[in-house]
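>>> What follows is a predicted structure for the sequence shown.
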Amino acid sequence: AQSVTQLDSHVSVSEGTPVLLRCNYSSSYSPSLFWYVQHPNKGLQLLLKYTSAATLVKGINGFEAEFKKSETSFHLTKPSAHMSDAAEYFCVVSSNDYKLSFGAGTTVTVRA
Amino acid sequence: GAVVSQHPSWVICKSGTSVKIECRSLDFQATTMFWYRQFPKQSLMLMATSNEGSKATYEQGVEKDKFLINHASLTLSTLTVTSAHPEDSSFYICSARGVTGGHGYTFGSGTRLTIV
């Protein structure tokens, strides 16, 4: 079985400052991990994914995440937040039957 | 890139009626479709998984007779909420996985269902 824990339910940053969204996972095998972003009343957009290649994964809109097996973590970062980054972010792990397990989500607010 | 079109984006129905939500993969063949439900300020909860041409597999606690899923072709899956009640009001999202998995998981834009 696999599961995901997002350590922060809400993160607030000032525009132009770094963003860090923390995610820990548990999985009985080598997982595939994803970060998705959801704006209000919208579907999910893939930011990036890890599928056992490079441990530092670069995504869209300046986001990146590092897979750390020893820490079972997959934290998402962005060096400089924009107002448009305000949204809900989900860390997701896939199982070997391709089902996705979602974290509870982290709400990001960006202060001007 | 891979696109999944989900319709309608929002719908308001009277209690007791049925409503159908469609998801179409526009530029790839979706062998597997996942249907999720999301309550306000909450995460996505998997309701069921459907493979083209076979019966859907429902997650524990999901009423298969209330939430009918059809995946008759590699590009279309439908979710029908039967005899809907106000507690069925929610945001429903589909996700498609392609034949080779190369497209990963592509999500529809979601359907806001309100039962009055």
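Thanks, I have the structure now.
>>> What are the boundaries of the helices in chain B?
Here chain B has no helices by DSSP state H.
>>> Nearest the geometric middle of chain A, what residue?
Note on chain A: the residue nearest the mean C-alpha position is residue A:35, at 3.5 Å, using CA atoms, centre = their mean.
>>> My guess is residue B:31 contacts residue B:97. True?
Yes - between residue B:31 and residue B:97 a contact is recorded at 6.6 Å, counting by CB atoms under 8 Å. Any C-beta I mention is one placed from the backbone N, CA and C, and that applies to glycine too.
>>> In terms of neighbours, single out the busier of the two.
Applying other CB atoms under 10 Å in any protein chain shown to residue B:31 and residue B:97 shows that residue B:97 carries more neighbours, namely 25 against 19.
>>> Identify the bridge partners of the more buried one.
Judged by DSSP bridges, the bridge partners of residue B:97 are residue B:32, residue B:105.
>>> give me every residue that touches it.
Contact analysis of residue B:97 by CB atoms under 8 Å, 6 or more residues apart in numbering or on different chains lists A:98, B:30-34, B:103-106.
>>> Closest one of these to residue B:4?
Of all those, residue B:4 sits closest to residue B:106, with 4.7 Å by CB to CB.
>>> Compute the distance between the closest one and chain A, please.
From residue B:106 over to chain A the distance is 8 Å, taken as CB to the nearest CB, to the nearest Å.
>>> Look at the spatially closest residue to that residue that is not a sequence neighbour and say how many residues are nearby.
Nearest non-adjacent residue to residue B:106, counting by CB to CB, 6 or more residues apart in numbering or on different chains: residue B:2, 4.3 Å away. Neighbour count of residue B:2, defined by other CB under 10 Å: 18.
>>> Quick one: list the elements packing against the helix or strand of chain B with the lowest mean pLDDT.
Within chain B, no helix or strand scores below strand B:105-107, which has a mean of 89 by mean pLDDT, DSSP states H and E. Packed against strand B:105-107, as judged by 3 or more CB pairs under 8 Å, 6 or more residues apart in numbering or on different chains; DSSP states H and E, are the following elements: strand A:44-50, strand B:90-98.
>>> can I get those strands in CSV with distance to residue A:81 and mean pLDDT?
Below are these laid out as CSV (distance: least, CB to CB, whole Å; pLDDT from 0 to 100):
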stretch, distance to residue A:81, mean pLDDT
strand A:44-50, 14, 92
strand B:90-98, 26, 92
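>>> got a list of what residue A:59 touches?
Listed by CB under 8 Å, 6+ apart, the contact set of residue A:59 reads A:35, A:46-49, A:65.
>>> follow-up on the earlier one: dump the contacts of residue B:97 into JSON lines; add distance to residue A:24 as well.
Shown next, in JSON lines, are these (distance: CB to CB, whole Å):
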{"residue": "A:98", "distance to residue A:24": "22"}
{"residue": "B:30", "distance to residue A:24": "31"}
{"residue": "B:31", "distance to residue A:24": "31"}
{"residue": "B:32", "distance to residue A:24": "27"}
{"residue": "B:33", "distance to residue A:24": "29"}
{"residue": "B:34", "distance to residue A:24": "23"}
{"residue": "B:103", "distance to residue A:24": "27"}
{"residue": "B:104", "distance to residue A:24": "22"}
{"residue": "B:105", "distance to residue A:24": "21"}
{"residue": "B:106", "distance to residue A:24": "26"}
